[in-house]
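Q: I would like to see how this sequence folds:
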Amino acid sequence: MAASKNIGILTGGGDVPGLNSVIKSVVYGASEIGREVIGIRKGWQGLTNMNPADNAAADSMYHRRLTRENTRTIDRTGGTILHTSRTNPGRVSSSKLPKHLSAEQLKKLPFDGKNYNFSSIVVDNLERLGIGCLIAIGGDDTLGFATVLSGTGFPVIGVPKTMDNDVHGTEYCIGFSTAITRAKEAITRQRTTLGSHERIGIFRIFGRDAGFTALYTAYVTAARCLIPEYPFDLGQLTDLLMEDKRNNPSNYSLVVVSEGALWKEGQLGEVGDADAYGHRKKADIGHALAEELQRRTGEETMASDLTYDLRSGEPDAIDKIVAITFANIALDLIRDGVTGRMVGIQNGCYAATSLPDSTSGSRRVDVSALYNTDRYRPKYTHKLGAPLLFGHV
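A: The predicted model follows:
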């Protein structure tokens, strides 16, 4: 570990419930082992855009000293008090450069003709702040750069969070349980409208590259689901939903759809500009599928977008338990001089595993073990010996 005992902490990517619980637990735990905590604001953007002239201040636009007093109640709400961004220090666009950087400084940075690599800037800013180890909380993109940073020799601990639950090396990511809980509640409420109008309901849910959120929402709502790992056939889906409708006394049916689900007839494609990690938004499969099902069946359809509501508000009990425990394991590792690791869950137990490879992409659903490809449903059988929650890595 670097000479300084200060611990840095940041949150990157989309917010999820439970982030503040990690932050508070790190601050409280660090005080017990004689360490101070510096919060980095706006994720990796804080460490790329930080002006060295401001680093001496206790608080600035991009960093904040965290104490027991200013974190005492933060775990009662969702979001992140440190704020967040989708900044990738390895690919900073020439159109988004910090204003304080001189032409001479830019010349020293690797440049591919479009993007600059700010890895050295990140390390310099961490050292100026007197941070000896950084706790990075994020999904596969945020943790991917944490792996790059660790590769430079800077001490890093990763904490996985994402409602998609798709980070390699862990069965569980903070935010996932709350997302499933919220989705179940929303679908349960909206069943009354589906039944009143005898409609087919299409519930679009997070899951760009992995179908865990849709799969487990379907598991607890007894719904059909469509996931990115298995392209679905429109004809087969239509038959299943009409079968459900006929067998339902209220004459409705529903399907939960990952935003990245693929139809065999052709992918919908992507829209908008790519973010700092090269991702573009998926076209809205919910409305497209609703229109196609209505055209094929003549039945009324209802498309409901269950996305951002799932990441808002306070965490449920499981996410709070996991967040608190992940934070304390991270501190145990730092105290013992162990870095370059990610806290996670493997085989149903807490573990310290490798930081995810920045090129590995997303962890994906094991279709053969978890998904019924004939019925477009989760598999409910053969669970003996499986972990209590969410299966094996």
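Q: continuing past the longest strand seen in the chain, what's the next helix or strand?
A: For the chain, the longest strand by residue count, based on DSSP state E, is strand 131-138. As assigned by DSSP states H and E, the chain's next helix or strand after strand 131-138 is helix 140-151.
Q: name the residues that touch that next one?
A: 12-13, 43-44, 86, 88-90, 119, 122-123, 134, 136, 138, 156, 158, 160, 162, 166-168, 277, 279, 339-340, 342, 355-363 (CB atoms under 8 Å, 6 or more residues apart in numbering). C-beta coordinates here come from the backbone N, C-alpha and C atoms, glycine included.
Q: give me the distance between the residue nearest to Asn372 when sequence neighbours are not counted and Ala218.
A: Leaving out its chain neighbours, the residue that sits closest to Asn372 by CB to CB, 6 or more residues apart in numbering is Lys379, at 5.3 Å. Distance, Lys379 to Ala218, by CB to CB, to the nearest Å: 11 Å.
Q: quick one, which of these two is more surrounded?
A: More neighbours surround Ala218 than the other of Lys379 and Ala218, with 29 against 16 (other CB atoms under 10 Å).
Q: so Arg128 makes contact with Ala53?
A: No: using CB atoms under 8 Å, Arg128 makes no contact with Ala53, being 10.2 Å away.
Q: those two: which is more packed in?
A: Arg128 (14 against 9).
Q: need the strands for the stretch 151-300 of the chain, in chain order.
A: All strands of the stretch 151-300 of the chain, identified by DSSP state E, counting those that start in this stretch, fall at 156-160, 200-205, 224-226, 253-258, 270-271, 281-282.
Q: just say which of those is most tucked in.
A: strand 156-160 (a mean of 30; mean count of other CB atoms under 10 Å).
Q: for that one, packing partners?
A: strand 131-138, helix 140-151, helix 317-335, strand 341-346 (3 or more CB pairs under 8 Å, 6 or more residues apart in numbering; DSSP states H and E).
Q: the same query, at a cut-off of 10 Å, please.
A: strand 6-11, helix 19-32, strand 131-138, helix 140-151, helix 317-335, strand 341-346, strand 349-354 (3 or more CB pairs under 10 Å, 6 or more residues apart in numbering; DSSP states H and E).
Q: just send the ones you listed back as JSON lines, with distance to Arg189 too.
A: JSON lines is the format used below for these (distance: least, CB to CB, whole Å):
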{"stretch": "strand 6-11", "distance to Arg189": "30"}
{"stretch": "helix 19-32", "distance to Arg189": "26"}
{"stretch": "strand 131-138", "distance to Arg189": "31"}
{"stretch": "helix 140-151", "distance to Arg189": "32"}
{"stretch": "helix 317-335", "distance to Arg189": "21"}
{"stretch": "strand 341-346", "distance to Arg189": "30"}
{"stretch": "strand 349-354", "distance to Arg189": "34"}
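Q: for Pro378, see how far away the most centrally placed residue in the chain is.
A: Nearest to the geometric centre of the chain sits Thr162, at 1.9 Å (CA atoms, centre = their mean). The gap separating Thr162 from Pro378 is 20 Å, by CB to CB.
Q: how about Met50?
A: Met50 is 45 Å from Pro378, by CB to CB.
Q: same drill for those two, tell me which one is more crowded.
A: Between Met50 and Pro378, counted using other CB under 10 Å, the more crowded position is Met50 (26 against 23).
Q: longest helix of this protein?
A: If you go by DSSP state H, the chain has its longest helix at helix 176-197.
Q: returning to that earlier point: could you dump the helices and strands packed on strand 156-160 to CSV with mean pLDDT and mean neighbour count?
A: What follows is the helices and strands packed on strand 156-160, written out as CSV (pLDDT from 0 to 100; neighbours: other CB atoms under 10 Å):
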stretch, mean pLDDT, mean neighbour count
strand 6-11, 97, 26
helix 19-32, 97, 23
strand 131-138, 97, 27
helix 140-151, 94, 24
helix 317-335, 97, 21
strand 341-346, 96, 23
strand 349-354, 96, 15
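Q: tell me which of the ones you listed sits nearest to Leu82.
A: strand 6-11 (5.3 Å; CB to CB).
Q: neighbouring strands - and their directions - for the closest one?
A: strand 37-40 (parallel), strand 131-138 (parallel) (DSSP bridges).
Q: can I assume Cys173 is in contact with Val159?
A: Yes: counting by CB atoms under 10 Å, Val159 is a contact partner of Cys173 at 9.0 Å.
Q: common neighbours of those two, please.
A: 18, 138, 143, 167, 322, 326, 344 (CB atoms under 10 Å, 6 or more residues apart in numbering).
Q: how many residues are close by the spatially closest residue to Asn115 that is not a sequence neighbour?
A: Spatial nearest neighbour of Asn115, excluding adjacent residues (CB to CB, 6+ apart): Arg91 at 4.2 Å. Counted by other CB under 10 Å, the residues lying close to Arg91 total 18.
Q: per-residue pLDDT, Arg91?
A: What the model reports for Arg91 is a pLDDT of 92.
Q: repeat for the one 3 residues further on
A: The score at Ser94 is 88. That number is its pLDDT.
Q: Lys107 versus that one, what's the distance?
A: Counting by CB to CB - Ser94 and Lys107 are separated by 13 Å.
Q: more neighbours, the two?
A: Ser94 (11 against 8).
Q: and that one, how far from Lys114?
A: Taken as CB to CB, the span from Ser94 to Lys114 is 7 Å.
Q: please apply the same query to Thr221.
A: 44 Å.
Q: higher neighbour count, those two?
A: Of the pair Thr221 and Lys114, Thr221 is the one with more neighbours under other CB under 10 Å, namely 20 against 9.
Q: for that one, give me the pLDDT.
A: 97.
Q: touching, it and Leu215? I think so.
A: No: in this structure, Thr221 is not within contact of Leu215 by CB under 10 Å, at 11.2 Å.
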